[in-house]
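> Sequence first, then the predicted structure, then my questions.
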Amino acid sequence: MPDEESAASRVTRSLRRRLLSGELRPGEPLSQSRIAAEYGVSRMPARDALQLANERLVDLGPTKAVVRGLSVAELQELYEIREAIEPVLTRIAVPNVGRAEVTRMAMLIEEMEAGGPPAEWLENNAAFHALVYTCADRPQMIALTKNCL
């Protein structure tokens, strides 16, 4: 039986996509009850999804969560971190990339080149890189890269 994505993972993935695409704007409040109702889940997965604060996408206060905006300096620093880590991950991963991964990567590239909505492109791009990085088997480096958007 294939692994089913948990409600918290599904909501987190969707919110991340919406935050990165700009659908949810900086300063916009995020309430657990609204997220739970929108996604048809209990408040627990909604609360878990707000841990996007760990990825610097949400500011969590004592009573509310708000979509966080990043400054140009923060974006530059995140880019520099990824620029340092991604080549190392890729170099480690390449010997472990098999035919199935190459086929999936080619499909993702085709989907990105098809010119769909920006949110879809972002999701496919993230899936492409995640597939490569998974082959590196370096969980800490993958987590650090993922948290750098």
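Alright, I've got the coordinates.

> Pull the contacting residues for H129.
Applying Cβ atoms under 8 Å, 6 or more residues apart in numbering to H129 gives the contacts 86, 145. Quick note: C-beta positions are derived from backbone N, CA and C, even for glycine.

> How about the contacts made by D48?
8, 11-12.

> Downstream of the longest helix along the chain, the next helix or strand is which one?
Across the chain, the longest stretch assigned as helix under DSSP state H is helix 72-93. Next helix or strand after helix 72-93 toward the C-terminus (DSSP states H and E): helix 99-113.

> List the buried residues of that following helix.
105, 108, 111-112 (16 or more other Cβ atoms under 10 Å).

> With stretch 5-22 instead?
7-8, 11-12, 14-17, 19-20.

> which of those residues has the weakest pLDDT?
Note: of the buried residues of stretch 5-22, the lowest pLDDT belongs to L20, at 76.

> Does it touch N125 like I think?
No. At 10.2 Å, L20 does not count as touching N125 under the criterion of Cβ atoms under 8 Å.

> between the helix or strand containing Y133 and helix 72-93, how big is the angle?
Using DSSP H and E, Y133 sits in helix 118-134. Angle, helix 118-134 to helix 72-93, by axes from the mean of the first three to the mean of the last three Cα atoms, to 10 degrees: 40 degrees.

> hang on, the earlier thing: of the buried residues of stretch 5-22, which is the nearest to D59?
Within these, proximity to D59 (Cβ to Cβ) peaks at L19, which comes in at 11.7 Å.

> got any ranges where this protein has weak pLDDT?
1-4, 147-149 (pLDDT under 70).

> Geometric centre of it: which residue is closest?
R16 (5.5 Å; Cα atoms, centre = their mean).

> V97 versus the residue nearest to that residue when sequence neighbours are not counted, what's the distance?
Leaving aside its chain neighbours, R16 sits nearest to L52 (6.1 Å; criterion: Cβ to Cβ, 6 or more residues apart in numbering). Here the criterion is Cβ to Cβ, to the nearest Å. By it, L52 lies 29 Å from V97.
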